[in-house]
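Novice: Got a sequence here, can you build the structure:
(chains A and B)
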Amino acid sequence: MRASRMNLATLREDPADAEIASHRLLMRGGFLHKSGAGLYLYGPLLQRVIDKISRIVVDEISRAGGLQITMPIMQEQALWEKSGRWATYQASRTMLTVRDRAGQTFGLAPTAEEVVTDYASHVITSHKQLPVCFFQQHTKFRDEIRPRFGLMRVKEFIMMDAYSFHASSESLDATYAQMRTAYQRTFKRMGLEAFAVEADSGAIGGSGSHEFMVAAAVGEDTILFNPQSGYAANVERAIGRVAAVGKVSMPATCTAVATPGHGHISEVVAFLNANGYVGITAAHCLKCVLFVAKSATAETTVAAFVRGDREINEVKLTNAITRLLGDAGPVLNLRPMQPDEVRAATGAEPGFAGAGEGLRVKFAIADKLTLAEAGPLVGGANKTDHHLVGFDLARDALPGLQWDELVTIRAGDGDPRSEGVLEEKRGIEVGHIFKLGTKYSEAMKAEFLGPDQKRHPFVMGCYGIGTSRVAAAAVEQHFDADGITWPVTIAPYEVVIVPAGKPGDVAVESAAEALYSELQQAGIDVVIDDRDAKPGVKFKDWDLIGIPFRIVCGRGVAEGKVECKPRGGENADVAMADAGATAIAWVRAQIAQRRAAADAC
RNA sequence: CGGACCGUAGCUCAGCCUGGAUUAGAGCGCUUCCUUGGGGUGGAAGAGGUCGCAAGUUCGAAUCUUGUCGGUCCGACCA
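Specialist: Below you'll find the model as predicted:
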């Protein structure tokens, strides 16, 4: 490709709304154009990156046995009603919808379980056809509340989604493991450091799931891990051991104490310490958070309890309420109560809610990890300006108190698998794999005939990779002060040739052109910068755009030399006759190295 | 959905508070020419904006008021 024909448009300044490196650099390099909020046009350079990522994904998923298909983006409401997810997605307002002229409503695919399950139910009739895995690379839509961070969180994006069908959960387990390996290989080939963590399965549903994370300070997810034991989980899901706290002396019976104007735990603790209850800390308090949970059919009030120095994990709480609701579930929406709702539920101003008398909620749930072994506590009295000291959950709580795991695990908590301690880091979710089980196949009556002459619902798995998000995550892992440093396997071009002589310097130009032909013939993705611009401008541009290998034909040409420089590496003078071979060897070695790393997974 | 803020040239922004002399500006980018030719070179000349939109106040509105549309950030929520 000739740079003069590439419509290059780099920016010197950062766009005002670009906060993170990938957004900033992709905009400055001219990869991206913002078309609307959460809507981006992929420019010619980004298209090449996306194509390369797609090719690797397709290659590895196919290698794991996947069959590529293409499903419609417009999906009939009726199909989604069969699985019951129409209501879920309407409630969370995650799905964009359109209507046709007849007034029929369609969802724009946020994911495709319904469509593929319907497909499988038509084309798979026998257990002999199983297992099978279909996948596609296609546009997805999510009506994000707050699109942000450039390509990271958008309304429309490209995702590889795969769906496997099985006769048994053992078969699903085997494919799940294969897909996990395929994911690791995929990211290795792209030069991304990605790792699998245990995850909550969210609105997709199912029995187990892992997310693939790219470590990045700007990641929106928090991961808890222990490098020694290998445990790693999204904070939404993470379990752990929480250290107990020393007991302090409190009255033997539950005693009401006036705590005028002190609703927050920190205030109550300070007040009590100043009024004769020395040694009480937040960890001796009972934190009560009141919520309203909505399912498709019910609105439920909930009081959640956790030790005073810890936080409620709303994902865990949602799951706990869903379990309690049984057939009336699942919970589609969970929100903290408004002040007037708190007053109605406790008869007191916010800040004085507790687990004892006066609490009027459908469910009261206490955290097992922090409260099951707790001693006497300080809790709200459900009476304005009063707390209870010496409150014993087992003795003084209202009947019907449920126990579940609600606490948010944090760095410093014990690893659930070993004696070690958990650490915390941020990650970008680039992939997710789920064991769905029979959730969709049962709901949609997607069945096959087994060897026992009976009909069985498919056991299913599903697997996603955010193709366009991977491009952004790759930049987050590969940039420096000058710009992007693409891994060669996903770079828009592999090599750039920069003629850096005076205009009309025939020797320089012909040397550059000769190298250009040589590399093209070798199948290298090469660009020659034939623009009429100063060398400095060209260098800046290609560093920003992030081409992995650069050949400069300049003042050395007179002595038969050109310069070869990997992006971020050292400049080397190379004889003109060898430069092409040097570049070709470098590119091929890089690709081979990534390939080998992938095969080792 | 709550809170804060912003819409002026392709991009980054100034001007607005305190309405009139700015004929709406700067830098970057773009066009033409000269210069330069190894890290965003120097110079000259240009093109480019009904100041988001609508209504109002006023002799006069980019500037004040109201509405509206769009956007950004924080929070809530959310795969």
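
Novice: if I've got this straight, A:Lys435 is in a strand?
Specialist: Yes: when classified by DSSP: H, G, I helix; E, B strand; the rest coil, A:Lys435 is found to be part of a strand.

Novice: Spatially central, which residue of chain A would that be?
Specialist: Against the mean C-alpha coordinate of chain A, by CA atoms, centre = their mean, the closest residue is A:Glu429 at 2.3 Å.

Novice: Which residue comes closest to it once chain neighbours are left out?
Specialist: With sequence-adjacent residues excluded and distances taken as CB to CB, 6 or more residues apart in numbering, A:Glu429 is closest to A:Glu211, at 5.1 Å. Where C-beta positions appear, they are placed from N, C-alpha and C, glycine not excepted.

Novice: Could you measure from the one you found over to RNA strand B?
Specialist: With the distance defined as CB to the nearest atom of the strand, to the nearest Å, A:Glu211 ends up 8 Å from RNA strand B.

Novice: what do you get for A:Gly230?
Specialist: Look at A:Gly230 and RNA strand B: by CB to the nearest atom of the strand, they are 23 Å apart.

Novice: Now that A:Asn273 has come up, it's in contact with A:Ile280, right?
Specialist: Yes: taking CB atoms under 8 Å as the definition, A:Asn273 is a contact partner of A:Ile280 at 6.1 Å.

Novice: neighbour count winner among those two?
Specialist: Neighbour comparison, A:Asn273 and A:Ile280: the larger count goes to A:Ile280, with 21 against 13 (by other CB atoms under 10 Å).

Novice: Let me see the contact set for the more buried one.
Specialist: Residues touching A:Ile280, when contacts are defined by CB atoms under 8 Å, 6 or more residues apart in numbering, comprise A:248, A:250, A:269, A:272-273, A:378.

Novice: Wasn't it part of a strand?
Specialist: No: under three-state DSSP, A:Ile280 falls outside any strand and is assigned coil.

Novice: Look up phi and psi at it.
Specialist: In terms of degrees, to the nearest 10, the main-chain angles of A:Ile280 are phi -70, psi 130.

Novice: what's the answer for A:Thr175, then?
Specialist: When read as degrees, to the nearest 10, the backbone of A:Thr175 gives phi -70, psi -40.

Novice: number of nearby residues for it?
Specialist: For A:Thr175, the tally of surrounding residues (other CB under 10 Å) stands at 26.

Novice: A:Asn74 reaches A:Phe106, doesn't it?
Specialist: Not Asn; residue A:74 is Met. Yes: A:Met74 is in contact with A:Phe106 according to CB under 8 Å; the separation is 4.4 Å.

Novice: Now the common contact residues for the two.
Specialist: Taking CB under 8 Å, 6+ apart as the contact rule, A:Met74 and A:Phe106 both touch A:Val98.

Novice: if you count what's nearby, which of these two comes out ahead?
Specialist: Just comparing A:Met74 and A:Phe106: by other CB under 10 Å the higher neighbour count belongs to A:Phe106, 20 against 11.

Novice: Give me the number of neighbouring residues for whatever residue of chain A ends up closest to RNA strand B.
Specialist: Per CB to the nearest atom of the strand, the residue of chain A with the smallest distance to RNA strand B is A:Gly554, at 1.7 Å. When neighbours are defined as other CB under 10 Å, A:Gly554 has 19 of them.

Novice: State the phi and psi torsions of it.
Specialist: Torsion angles at A:Gly554 (phi, psi; degrees, to the nearest 10) stand at phi -140, psi -130.

Novice: nearest residue to it other than its sequence neighbours?
Specialist: In space, and not counting its chain neighbours, A:Gly554 is closest to A:Ala500: 3.5 Å by CB to CB, 6+ apart.

Novice: One more: A:Ile484?
Specialist: Counting by CB to CB, 6+ apart, the residue nearest A:Ile484 is A:Gly546, at 3.1 Å.

Novice: What residues of stretch A:217-231 count as buried?
Specialist: The neighbour-count criterion (16 or more other CB atoms under 10 Å) identifies A:218-219, A:221-226, A:231 as the buried residues of stretch A:217-231.

Novice: Likewise for stretch A:23-43?
Specialist: Of the residues in stretch A:23-43, A:23-32, A:38, A:40, A:42-43 count as buried by neighbour count, 16+ other CB under 10 Å.

Novice: can you redo the residues you listed as CSV with distance to A:Ala296?
Specialist: Supplementary listing: the buried residues of stretch A:23-43 in CSV, determined by distance: CB to CB, whole Å:
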residue, distance to A:Ala296
A:His23, 37
A:Arg24, 42
A:Leu25, 44
A:Leu26, 40
A:Met27, 41
A:Arg28, 46
A:Gly29, 46
A:Gly30, 46
A:Phe31, 42
A:Leu32, 39
A:Gly38, 27
A:Tyr40, 34
A:Tyr42, 38
A:Gly43, 43
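
Novice: Can you tell me which of the residues you listed is nearest A:Ser418?
Specialist: Within the set of these, A:His23 lies nearest A:Ser418; the separation is 38.5 Å, counting by CB to CB.

Novice: For the residue found closest to that closest one once you drop the neighbours it is linked to in the chain, grab the count of nearby residues.
Specialist: Closest residue in space to A:His23, ignoring its immediate chain neighbours: A:Gly150 at 2.9 Å, by CB to CB, 6+ apart. Other residues near A:Gly150 number 28, with proximity taken as other CB under 10 Å.

Novice: can you map out the strands along the stretch 51-200 of chain A?
Specialist: If you assign secondary structure with DSSP state E, counting those that start in this stretch, the strands in the stretch 51-200 of chain A sit at A:67-68, A:74-76, A:97-99, A:105-108, A:132-141, A:156-166, A:194-198.

Novice: now do the stretch 301-450 of chain A
Specialist: With strands called from DSSP E, counting those that start in this stretch, the stretch 301-450 of chain A shows them at A:331-336, A:363-367, A:377-380, A:386-391, A:402-404, A:423-437, A:447-449.

Novice: Identify, out of those strands, the most deeply packed stretch.
Specialist: Mean neighbour count, computed with mean count of other CB atoms under 10 Å, is highest for strand A:377-380 among those, reaching a mean of 28.

Novice: outside of it, which residues touch it?
Specialist: The list of residues contacting strand A:377-380 from outside it, by CB under 8 Å, 6+ apart, reads A:250, A:268-269, A:272, A:277, A:280, A:284-286, A:288, A:308, A:346, A:348, A:351-356, A:386-393.

Novice: Please settle this for me: is A:Asn7 part of a strand?
Specialist: No: counting by three-state DSSP, one finds A:Asn7 to be coil, located in no strand.

Novice: how far away is it from A:Met179?
Specialist: Noted for A:Asn7: a distance of 39 Å to A:Met179, by CB to CB, to the nearest Å.

Novice: neighbours around A:Arg180, how many?
Specialist: Counted by other CB under 10 Å, the residues lying close to A:Arg180 total 18.

Novice: Tell me how far it lies from A:Gly461.
Specialist: Using CB to CB, A:Arg180 is found at 10 Å from A:Gly461.

Novice: Show me the common contact partners of the two, please.
Specialist: With CB under 8 Å, 6+ apart as the test, A:Arg180 and A:Gly461 both reach A:Ile433.

Novice: mind listing what the closest residue to A:Phe479 other than its chain neighbours touches?
Specialist: Here the nearest residue to A:Phe479 in space, its sequence neighbours aside, is A:Ala21; by CB to CB, 6+ apart that works out to 5.2 Å. Listed by CB under 8 Å, 6+ apart, the contact set of A:Ala21 reads A:218, A:475-476, A:479.

Novice: what do you get for A:Glu476?
Specialist: When the contact criterion is CB under 8 Å, 6+ apart, the partners of A:Glu476 are A:20-22, A:214, A:216, A:218, A:428.

Novice: got JSON lines for those residues, with pLDDT too?
Specialist: Rendered in JSON lines, the data for these read as follows (pLDDT from 0 to 100):
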{"residue": "A:Ile20", "pLDDT": "88"}
{"residue": "A:Ala21", "pLDDT": "89"}
{"residue": "A:Ser22", "pLDDT": "91"}
{"residue": "A:Val214", "pLDDT": "89"}
{"residue": "A:Ala216", "pLDDT": "85"}
{"residue": "A:Val218", "pLDDT": "81"}
{"residue": "A:Ile428", "pLDDT": "90"}
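
Novice: That's all I had, so thanks and see you.
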